[in-house]
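>>> structure here, sequence nowhere to be found:
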């Protein structure tokens, strides 16, 4: 089962990919564990998890690393290129089944 942020990310990507939805930014989501500039680490962690579950695919480099590694999420993130993330059939199937 996906967490709330992962579901929100999938919904936003599906909406953008299929219905020409709004541009996705770091501020497009509600975060449960972080706030402010820390949100990019939580978003990148959950986005990577969705990729590992084959629910999204990356078109090139999506998560641009920086020097600082987040202690909780174990990643270093300078920027997320949301326009290079696309939903996969597994992601669509999950949304159709559970929402």
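Thanks, I have it. From a predicted model like this one, the values you see are computed outputs, not experimental measurements.
>>> when you work out contacts or count neighbours from here on, use the C-alpha atoms and nothing else.
Will do.
>>> quick one: contacts of the lengthiest helix in the chain?
The longest helix of the chain (DSSP state H) is helix 4-19. For helix 4-19, contacts defined as CA atoms under 8 Å, 6 or more residues apart in numbering pick out 21-24, 29-32, 43, 46-47, 50, 55-56, 85-87, 91-92, 95.
>>> chain center to that helix, what's the gap?
Offset of helix 4-19 from its chain centre (CA atoms, centre = their mean, to the nearest Å): 9 Å.
>>> buried stuff in that helix?
5, 6, 7, 9, 10, 11, 12, 13, 14, 15, 16 (16 or more other CA atoms under 10 Å).
>>> want to throw those residues into a markdown table with pLDDT and distance to residue 76?
Formatted as a markdown table, the buried residues of helix 4-19 follow (pLDDT from 0 to 100; distance: CA to CA, whole Å):
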| residue | pLDDT | distance to residue 76 |
| --- | --- | --- |
| 5 | 97 | 19 |
| 6 | 98 | 19 |
| 7 | 98 | 23 |
| 9 | 98 | 19 |
| 10 | 98 | 22 |
| 11 | 97 | 25 |
| 12 | 97 | 23 |
| 13 | 98 | 22 |
| 14 | 97 | 26 |
| 15 | 96 | 28 |
| 16 | 97 | 26 |
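>>> grab the nearest non-local neighbour of residue 91.
Nearest residue to residue 91, sequence neighbours excluded (CA to CA, 6 or more residues apart in numbering): residue 55, at 4.1 Å.
>>> shouldn't the one you found be in contact with residue 90?
Yes - with contact defined as CA atoms under 8 Å, residue 55 counts as touching residue 90 (5.0 Å).
>>> before we move on, the earlier item: mind listing which of the contacts of helix 4-19 are in helices?
Using DSSP H, the contacts of helix 4-19 in helices are 43, 46, 47, 50, 91, 92, 95.
>>> fine by me, thanks again.
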